[in-house]
Each structure stands twice: as C-alpha cells, then as structure tokens.
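**Student:** Got a predicted structure plus its sequence, pasted below:
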Amino acid sequence: MSAVRRTARDERSAPRADGVRGVRRALTAALLVGGGLLGVAASPSPSPSPSGGAQEPTEAGTAFRTATPVRLGQEATADASTGDYLYWVLPLDSGQRATVKASVTLPAATGRHAASTWQLDVYDGLRRRQPCMYGTQTGTAAKDAATIDLSCTLRPVRSGADQWGNDPLKGAYYIRLTVTDLAQEDLGQPVRARLRAEAKDVGGAYAADNTLAAPLVPGAGTAAGVEPEGGWSGAWWSDRWLWTAAGGLLAALAGIGGYRLTRGAGRPGRVPPGT
C-alpha cells in the first residue's frame, strides 16, 4: 500500500518537476539571448580606417573656407610658420565621440627667444566652438622644447538637439591649430604640424528622439560635400532598439515562467469526474 501511495505521489509531482525544469530552461535561454543582444548593443564600434588608396593630406588651410578635408584615422601634416592659423575639416556622424591629437615640431631652440603657447580648437558645422570633455587643449612649450602635443576629446555627437542647445550635431567639424602667445621676434619661424583624429562609437546611449533633416555641412568651400566613407547614418536606427527588444523578450519569458510555476499540477488523477 505504501508503495502505491509513493507511486501516486510521484505521478502527481512529476508534472510540477517537469514544469520547473521547463521554466529553468526557458529562463536560461532568455538570459543567453538577452545577454547576446545586450552584448551586441554595448560593444563599441571602432572608427573606420582610411582606405589604402586614400592619400593623407600634406597641407592645411588658413581659414574655415579653405580648411583641408581629413578622414578619421588619417595623419595630416603641414609645414607652416609660427603665427599661421592651420585649419582641417572632418565629418562626424551621430553616436561618435572623436578625439583629435596634434603635435607641433618647433624651430631649433637656438633661434627662439621665449616660450610659446599653442591651442587646439574644434568647431561644428555652424562654426560653434565645441568644448573638450578632456585633453590638453592649450599647452605652453618651453624655450628649449622640441615639440608640443595637444589633444581634445569632444562630447558624443547627437542626431538632434534643442534649438537653444550647444550639443554637437552630425556634420562637418573644423579643427584649428595656432599659437596664442609668442615673442614678437619668433614670428614667422618654420614649424611642422601633425594631426590625427579617431572616433569611438558610443551607440544609442546618447541617441536623441529628434533628428536633423540634413547634416551640418556647408554648401561652399573645401568642406562642401564632406561625409563619412560609409555615408551618413539613418535618422531612425540606433542600438536602443536592441535594448528594447531584449527587455521585451525577457519580460515575456519571465511572465510565462511565473505562470507555469504558480498554476499548480492541475486536477489530481484519482478524483472522480464530477466531484
């Protein structure tokens, strides 16, 4: 009799155990799928490297309208004189956080009379000066220094912003390098500048609901028509869709699992019909 009772209990508990195992398998699968989607969404995309046939710029413009176009990953060089304004322009798309680095090879120390201060500025397509999140934007070179290095990491570029805001928007970005403090006797001495810009894709964490009708690219000058190698990104897509899909999937599977855990084993098999 006891064996029969154990058998009956085992038969009643078997559906519940199967249900628990099924819920565990479903939750495990949901976590794996959700983790994969979130991993894809969170993984940063490196900036595209310049194509092998692209020639790196060897000169710089002297004004906004004559800025020399440069692409992400390229190293631009320019021979100039102290006191010149050097301009480059590059395209930045939504979700990119760019870092611009510049290095200036100074004249021989024997021909210089005092220290000099150099500055690296970045302007967007509306020629609004953009602040740096971090980096050495202004630096002073001692009289006997051979080089000076500057850098500027911009805020992430957004697809849209309020009219009163100063958020960086996708389009052309101007880079200006110049000396701001120099002895009068040192003006006109030869220098050599090197510039390189890289960008990290920070994804939908900085996406905006509103978007620009067109990138901020001037219609005239050397910056007219500049764009990334793969073209400008679309207005509607960001990896926030992956986060939303993963969250919805996890919520649905959690609801199914909770229902299976709380519904019980059903009607006992030994209860007569109609009871």
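**Tutor:** Structure's in. What do you need?
**Student:** going forward, measure contacts and count neighbours with C-alpha atoms only.
**Tutor:** Will do.
**Student:** Can you list the low-confidence ranges for the stretch 51-200 of the chain?
**Tutor:** Applying pLDDT under 70 to the stretch 51-200 of the chain flags residues 51-54.
**Student:** switch to 80 and redo it
**Tutor:** 51-54, 159-165 (pLDDT under 80).
**Student:** How are the strands of it distributed by residue range?
**Tutor:** 68-69, 75-81, 86-92, 96-105, 116-123, 132-134, 138-141, 147-154, 171-181, 190-201 (DSSP state E, counting those that start in this stretch).
**Student:** Out of those, flag the one nearest residue 228.
**Tutor:** strand 86-92 (5.8 Å; CA to CA).
**Student:** Outside of the closest one itself, list whatever touches it.
**Tutor:** With contacts defined as CA atoms under 8 Å, 6 or more residues apart in numbering, strand 86-92 is touched by 60-64, 66-72, 98, 157, 170-178, 223, 226-228.
**Student:** sorry, back to before: mean neighbour count added to the strands of the stretch 51-200 of the chain, as JSON lines?
**Tutor:** JSON lines is the format used below for these (neighbours: other CA atoms under 10 Å):
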{"stretch": "strand 68-69", "mean neighbour count": "24"}
{"stretch": "strand 75-81", "mean neighbour count": "18"}
{"stretch": "strand 86-92", "mean neighbour count": "25"}
{"stretch": "strand 96-105", "mean neighbour count": "21"}
{"stretch": "strand 116-123", "mean neighbour count": "20"}
{"stretch": "strand 132-134", "mean neighbour count": "14"}
{"stretch": "strand 138-141", "mean neighbour count": "18"}
{"stretch": "strand 147-154", "mean neighbour count": "20"}
{"stretch": "strand 171-181", "mean neighbour count": "22"}
{"stretch": "strand 190-201", "mean neighbour count": "19"}
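**Student:** Same list, those strands, but as a markdown table with distance to residue 250 please.
**Tutor:** Shown next, in a markdown table, are the strands of the stretch 51-200 of the chain (distance: least, CA to CA, whole Å):
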| stretch | distance to residue 250 |
| --- | --- |
| strand 68-69 | 46 |
| strand 75-81 | 46 |
| strand 86-92 | 35 |
| strand 96-105 | 29 |
| strand 116-123 | 43 |
| strand 132-134 | 36 |
| strand 138-141 | 49 |
| strand 147-154 | 35 |
| strand 171-181 | 37 |
| strand 190-201 | 26 |
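**Student:** wait, which of the ones you listed is closest to residue 261?
**Tutor:** Among the strands of the stretch 51-200 of the chain, strand 190-201 sits nearest to residue 261 (CA to CA), with 42.2 Å.
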